[in-house]
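A.B. asks: Need the 3D shape of this:
(chains A and B)
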2 protein chains.
Amino acid sequence: METVSTNKAFGGVQGVHTHASAETGTEMTFSVFVPDVAGDRAPGAKLPVLWFLSGLTCTHANVTEKGEFRRACAEHGVILVAPDTSPRGDEVPDDEAYDFGKGAGFYVDATEAPWKANFRMRSYLEIELPAVIAEHFPADMARQGITGHSMGGHGALTMALRDPSRFRSVSAFAPIVSPLNCPWGEKALTGYIGADRAAWREYDACALIEDGARLPDLLVDQGTADGFLEGQLKTHLLEEACAKAGQPATIRMQEGYDHSYYFISSFMAEHIGWHAERLK
Amino acid sequence: METVSTNKAFGGVQGVHTHASAETGTEMTFSVFVPDVAGDRAPGAKLPVLWFLSGLTCTHANVTEKGEFRRACAEHGVILVAPDTSPRGDEVPDDEAYDFGKGAGFYVDATEAPWKANFRMRSYLEIELPAVIAEHFPADMARQGITGHSMGGHGALTMALRDPSRFRSVSAFAPIVSPLNCPWGEKALTGYIGADRAAWREYDACALIEDGARLPDLLVDQGTADGFLEGQLKTHLLEEACAKAGQPATIRMQEGYDHSYYFISSFMAEHIGWHAERLK
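C.D. replies: Numbers count the residues shown, from 1 in each chain, chains lettered A, B, ... in the order given. Now for the predicted structure:
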């Protein structure tokens, strides 16, 4: 791992780091906020880790600059890790569209050419990056939570539903709740995974719940003025799947909020507080 | 005035607006956060206004996206206005350097060609933009505070020292405290105002204090790891001028913080609280 930058913030350190990923075959960049390094923690004490998975077109930088998470992370003593949304580099295949290829990894392991060599964001986040975090940061990997925005909300929900034992807390901001049932998801999963829709179910939060996956609870915030709500995000499908399955869920429609970081930042501190409660 | 965008945030509205400025002869862009428009304020009630002046290379957008001011503004019921740092447009003269010309207006009225036609940021902020704010927003112009970063900290301190009756509260993040005594200031004021250094004194916080200007108090935060501290910002000159003149000042050296928005955002809520106390 190489450190690109560190900035002191809210008493802690906001870092940006790179490493050579075996999963994606590329150099990957991620950011980590570690609160209160020299503060009142006992020497050697480890802090819980919250993962933030970002949405289409984003890198680690969007939430790092605009997410307004550091005050709450410092208050609660939570490390926040923000990975990139896809492999990067000239050698990585891409698509001209904003919603496929670079910046749009959808948190899957691609099985289709030409994507399968590099687009392995599922294994990258399930196996490789956690090991890097555990090695280089004062992170208690027995206490992990996960959240994300839009495509990253989809990533957070599906990663947690596939492996509930890894995460003590799960939330999402304006998530894609069912790639099986929206144009973004249909395009991405057809491209990365192929036409067999049965294979998509492990990448669909609603399908995972229908198929029996369960979490202790989950928190979702969704703006009512989000231009993607009706055509892509379809929060009601998650509400229906949870209700039908008896999956506890706090799904809040937030009046007048859109899909931007103005929305995310408004509720970030509440989400971090919700995670911190479950990570203590 | 035309509204470019509005986003709901922290219960209020973050807007970006443009208007044709007579002072600069250009279209000018600025952002305004109005907390809690439909909330528990009495109908017709007006809110205090905090001005945030930005630093070199910035537009209104930097603090709007990365300043983390909205939570505290919503909590205290304070409007925040973020103007641009210079006139913009193809017809406006410019310089290749980052510290002169566009993005580097230094909050002066230029007297030298070719700058004097457009570079009138002092009159723009002292006369023209306040009238626009008063007309279009629920702003109580009898309760104004001002703050800013770096070049914008210089702008905030000098505007307040020249007209203490306008501002009830003044603070700055890592301000240029004496353009007479730093390379950024010498270059900009020579270019905009000319070689007569006596004419620069109304644009120099330390000189204004030496010449008798007084504020009830002022708050400055300065990071000790700021790469511009020694060569450009020279906080000690302000400490010395205040001490010599009996000007009350809270000047805090913040250990390990740099010149970035990671520093600004870390102390933004404290500054807004400090202003709010004086604006109530």
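
A.B. asks: alpha carbons only for contacts and neighbour counts from here, please
C.D. replies: Will do.

A.B. asks: Contacts only, for the closest residue to chain B within the stretch 101-250 of chain A.
C.D. replies: Relative to chain B, the nearest point of the stretch 101-250 of chain A is residue A:225 (9.2 Å; C-alpha to the nearest C-alpha). Taking C-alpha atoms under 8 Å, 6 or more residues apart in numbering or on different chains, we find residue A:225 in contact with A:255, A:256, A:257, A:258, A:259.

A.B. asks: Any of those residues buried? List them.
C.D. replies: By the neighbour-count criterion of 16 or more other C-alpha atoms under 10 Å in any protein chain shown, these include these buried positions: A:256, A:257, A:258, A:259.

A.B. asks: Report the secondary structure element holding the residue of the stretch 101-250 of chain A closest to chain B.
C.D. replies: Counting by DSSP states H and E, no helix or strand carries residue A:225.

A.B. asks: repeat for residue A:50
C.D. replies: Of the helices and strands defined by DSSP H and E, residue A:50 is found in strand A:47-53.

A.B. asks: Give me every residue in chain A lying close to chain B.
C.D. replies: Proximity of chain A to chain B is assessed by C-alpha under 8 Å from any C-alpha of the partner chain, with A:7-11, A:65-66, A:68, A:71, A:256-258, A:262-263, A:265-267 identified as the residues in range.

A.B. asks: Next step: those residues restricted to helices.
C.D. replies: A:65, A:66, A:71, A:262, A:263, A:265, A:266, A:267 (DSSP state H).

A.B. asks: any idea which of these has the most stuff around it?
C.D. replies: Ranked by neighbour count under the definition other C-alpha atoms under 10 Å in any protein chain shown, these are headed by residue A:263 with 25 neighbours.

A.B. asks: Can you give me the pLDDT of that one?
C.D. replies: According to the model's per-residue confidence, residue A:263 sits at a pLDDT of 98.

A.B. asks: Pull the contacting residues for it.
C.D. replies: The contact partners of residue A:263, by C-alpha under 8 Å, 6+ apart, come to A:223, A:257, B:7, B:8, B:9, B:10.

A.B. asks: Could I get these in a markdown table, plus columns for pLDDT and distance to residue A:90?
C.D. replies: Putting the contacts of residue A:263 into a markdown table (pLDDT from 0 to 100; distance: C-alpha to C-alpha, whole Å) gives the following:
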| residue | pLDDT | distance to residue A:90 |
| --- | --- | --- |
| A:223 | 98 | 36 |
| A:257 | 98 | 37 |
| B:7 | 98 | 35 |
| B:8 | 98 | 38 |
| B:9 | 98 | 37 |
| B:10 | 98 | 40 |
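
A.B. asks: my guess is residue A:209 meets residue A:245, correct?
C.D. replies: Yes - counting by C-alpha atoms under 8 Å, residue A:209 touches residue A:245, with 6.9 Å between them.

A.B. asks: Compare neighbour counts for the two and give me the winner.
C.D. replies: Set side by side, residue A:209 and residue A:245 show unequal neighbour counts under other C-alpha under 10 Å, the larger going to residue A:209 at 23 against 15.

A.B. asks: how about that one, secondary structure?
C.D. replies: Counting by DSSP: H, G, I helix; E, B strand; the rest coil, the backbone at residue A:209 sits in helix.

A.B. asks: Please apply the same query to residue A:74.
C.D. replies: The assignment at residue A:74 comes out as helix when based on three-state DSSP.

A.B. asks: contacting residues for it?
C.D. replies: Counting by C-alpha under 8 Å, 6+ apart, residue A:74 makes contact with A:10, A:11, A:12, A:35, A:36.

A.B. asks: mind redoing it with 10 Å?
C.D. replies: Taking C-alpha atoms under 10 Å, 6 or more residues apart in numbering or on different chains, we find residue A:74 in contact with A:9, A:10, A:11, A:12, A:13, A:33, A:34, A:35, A:36, A:37.

A.B. asks: Go through the contacts of residue A:263 and name the one nearest residue A:43.
C.D. replies: Within those, proximity to residue A:43 (C-alpha to C-alpha) peaks at residue B:10, which comes in at 36.7 Å.
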